[in-house]
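> Quick one, what's the 3D model for this:
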Amino acid sequence: MERGIDSSRSTLFVLDGAKVLRRAVLDVFGKRALVQRCQVHKRRNVREHLPEEKRPGVETILKEAFRAATSKTAKGLLEALAGRLAADYPSAAQSLGEGLDELFENRSCRKGSSGTGKGCLKTRAWRSFPVMAEVRMPVRKCPQALR
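Here you go, the predicted model:
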């Protein structure tokens, strides 16, 4: 690979949801590709579908979900939020529901993880884990990733 990624090893890819990029990763890495949606992009995309006065409350629930101890708890919180948003803000609910299962992929692959998700990789601020090659990508469009 041009960027030095070993395609014979399992690799975690944190993507923004672009279908063509996901397809390219799967074409090259196949079953060794672990794909996780970028939680920062997800939060931003949902917020963009809401009026200003609704954003803080939704943001609080999103943060709680992304910090949940298990993927099951997190998905439950997000599904409940999508249900509450559906009537008044259907585009926000739809955005939240897209790729929901891919938001928590690395909870089961981190070194020393028991699936609790403590310290989950949230953004495109890539880090190196035993199952993943280190990848450096530009973060210009995702400034929150630097925090």
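> For L81, give me its contacts.
V58, I61, L62, A65, L96 (C-beta atoms under 8 Å, 6 or more residues apart in numbering). No exception for glycine: its C-beta is placed from N, CA and C like everyone else's.
> please redo it, this time with the cut-off set to 6 Å
Contacts for L81 (C-beta atoms under 6 Å, 6 or more residues apart in numbering) come out as I61.
> Please shift the residue numbers so they start at 83 in all later answers.
New numbering, starting at 83: the last item is L163.
> Which helix or which strand is home to it?
helix 153-168 (DSSP states H and E).
> and the closest residue to A168 other than its chain neighbours, helix, strand or coil?
Counting by C-beta to C-beta, 6 or more residues apart in numbering, A175 is the residue found nearest to A168 once chain neighbours are left out, at 4.2 Å. A175 carries the three-state label helix when classified by DSSP: H, G, I helix; E, B strand; the rest coil.
> How many residues are close by A175?
Neighbours of A175 under the rule other C-beta atoms under 10 Å: 19.
> Y171 now?
Neighbour count for Y171, taken as other C-beta under 10 Å: 19.
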